[in-house]
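need coordinates for the below:
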Amino acid sequence: MSGGLAALLDDIAALAKLAAASVDDVAAAAGRASIKAAGVVVDDTAVTPQYVAGVNPNRELPIIKKIAIGSLRNKLLIILPVILLLSQFLPWLLTPLLMVGGTYLCFEGAEKLLEWLRRDEPQKKVPAVLQGRDAEGTVVSGAIRTDFILSAEIMVISLNEVAAEGFISRAVILVVVALGITALVYGVVALIVKMDDVGLALAGRDSARSQAVGRGLVAAMPKVLTTLSVVGIFAMLWVGGHILLVGIDELGLHAPYAFVHWLEGFVIDAPGVGAALVWVVNTLCSLILGVACGFVVVGVLHVLPWPKNHHGHVQDKAPAADDPTAGTVHQSR
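Sure thing, here's the model as predicted:
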C-alpha cells in the first residue's frame, strides 16, 4: 500500500514538473513573440491617445476602457480563432488578408495626414467636449477599427514566431500575448492621458519641488499629446507600408524589398549604429510606400461617387490633437 502511494506521489511530482516546464515554455515563447511584435505595439500606443483628444476629462478613462475591451475582443474572439484556423488549413491566405489591413491603415493615415496639413483651412469639426453615447460611440468604434488592424499585425507576427509549436500551444501562447500586450498598451495610454491630473495633484502640494514638477507636467502634456497624435499618423503609414512591403515580397515580387535591403547595405557596417541605421532606412522606405499607397486610395475614394461621409471623414471622428479648441478641456481643470 505504501509502495503504491509512493509511486502515486512520484507520478504527481513528475506531472507537476512537466506542468511547470510547460508554463515556463509558454511564458518564454510568449515573451519572444511579444518582443518580435514590439514595433507594432509602440505604434498602437502612439495611435490611441489621439482618440481622447478634446474629450471631457471625466470620460477619458471610461473611453480608454471601452477601447481596451474592444481591442481584447478583437484579439481573442475574432483575430485569434481566424489566424489559428488559417495557419492550420489555409496558411497562404494570411498574407493577402494582412495586406488588405495594411492598405486600410495607409488610407487612414493618409486621410489624417491631409487633415493635419490642412489644419489652417476652415473645416467642420466635432465639438471639443464630446457628450452623449453617440459621440463616444463614434470615438470608440473608430479606435477599435484601427486597433483591429494593428492587433492583427501583432498577432500574426507573434504567430510566425511560434509557428513550430503545436496547435494547442500556439493558442495558449497567443492568448497570453493578447492579454499582456493589451494590458501594456492601454495601461500606458491611460497613464499618458491622465498625467496632467497627476501634475495638478502635485502642484497642489506644499513641497516647492512637487509644485514645480506638477506645473511642468501640466505644461508639457498638451505638447506630448499633440506630438503623439502626429507620431500616430506616421505610425499608421509606416506600419501599413511595412505590411505591404513584406507581403509583396512573400507573394513572390522580391524587387521592392531587395531594393530596400540594398539601401540597408550602405549603413549596416556603420560602427556602433549600423543596426539602428538599418531600422531607419527600412522604416523610411515603408513610410514612403505607405504614404504613396494611402494617397492613391484616398484619391480613388474621393474621385469615385461614394456616399458622403464614407469611411468616416473628419466630422465623424475625434478632433485632431492640433484643434485649437481641443486643449480647452484640459486647461480648464
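
roughly how far does the nearest residue in space to residue 205 that is not next to it in sequence sit from residue 218?
In space, and not counting its chain neighbours, residue 205 is closest to residue 211: 6.4 Å by C-beta to C-beta, 6 or more residues apart in numbering. Every C-beta, even on glycine, is put in place using the N, C-alpha and C of the backbone. Here the criterion is C-beta to C-beta, to the nearest Å. By it, residue 211 lies 11 Å from residue 218.

before we move on, what SS does residue 165 have?
State at residue 165, reduced to three classes by DSSP: H, G, I helix; E, B strand; the rest coil: coil.

pull the longest helix from this protein.
Using DSSP state H to define each element, the chain has its longest helix at helix 208-250.

re the thing from before, residue contacts, the residue nearest to residue 205?
Shown in contact with residue 211 (C-beta atoms under 8 Å, 6 or more residues apart in numbering): 202-205.

select only the buried ones of these in ChimeraX?
Those of the contacts of residue 211 that count as buried under 16 or more other C-beta atoms under 10 Å are selected in ChimeraX with:
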select :202,203
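
could the contacts of residue 211 go into JSON lines alongside pLDDT?
Below are these laid out as JSON lines (pLDDT from 0 to 100):
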{"residue": "202", "pLDDT": "85"}
{"residue": "203", "pLDDT": "85"}
{"residue": "204", "pLDDT": "85"}
{"residue": "205", "pLDDT": "84"}
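
now the contacts of residue 211 in CSV, with secondary structure?
Output for the contacts of residue 211, formatted as CSV (three-state DSSP):
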residue, secondary structure
202, helix
203, helix
204, coil
205, coil
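
of all the contacts of residue 211, which comes closest to residue 248?
The nearest member of these to residue 248, counting by C-beta to C-beta, is residue 202 at 50.0 Å.

with adjacent residues omitted, what lies nearest to that closest one?
residue 214 (3.1 Å).

looking at the protein, which helix or strand is least sure?
The helix or strand of the chain with the poorest confidence is helix 328-331; it has a mean of 40 (mean pLDDT, DSSP states H and E).

can you classify residue 269 as helix, strand or coil?
The assignment at residue 269 comes out as coil when based on three-state DSSP.

find residues that contact each of residue 211 and residue 218.
Common neighbours of residue 211 and residue 218 (C-beta under 8 Å, 6+ apart) are residue 203.

now residue 272: phi and psi?
phi 80, psi -30 (degrees, to the nearest 10).

look at it and say how many residues are nearby.
Applying other C-beta atoms under 10 Å, we find 7 residues neighbouring residue 272.

how close does it get to residue 280?
Here residue 272 is placed at a distance of 14 Å from residue 280 (C-beta to C-beta).

do residue 89 as well
39 Å.

higher neighbour count, the two?
residue 280 (13 against 8).

what about the more buried one, which SS state?
helix.

give me the nearest residue to it, chain neighbours excluded.
The spatially closest residue to residue 280, leaving aside those adjacent along the chain, is residue 267, at 7.8 Å (C-beta to C-beta, 6+ apart).

phi, psi of that neighbour?
The phi and psi values for residue 267, taken as degrees, to the nearest 10, are phi -120, psi -10.

point out where the stretch 1-150 of the chain drops to low pLDDT.
1-55, 119-135 (pLDDT under 70).

just the helices in it please.
For the stretch 1-150 of the chain, the helices defined by DSSP state H, counting those that start in this stretch occupy 2-36, 38-47, 57-73, 80-89, 94-117, 132-161.

how near is the nearest residue to residue 147 once chain neighbours are set aside to residue 106?
Spatial nearest neighbour of residue 147, chain neighbours left out: residue 71 (4.7 Å); criterion: C-beta to C-beta, 6+ apart. Here the distance between residue 71 and residue 106 works out to 21 Å (C-beta to C-beta).

who has more neighbours out of those two?
Per other C-beta under 10 Å, whichever of residue 71 and residue 106 has more neighbours is residue 106, with 28 against 23.
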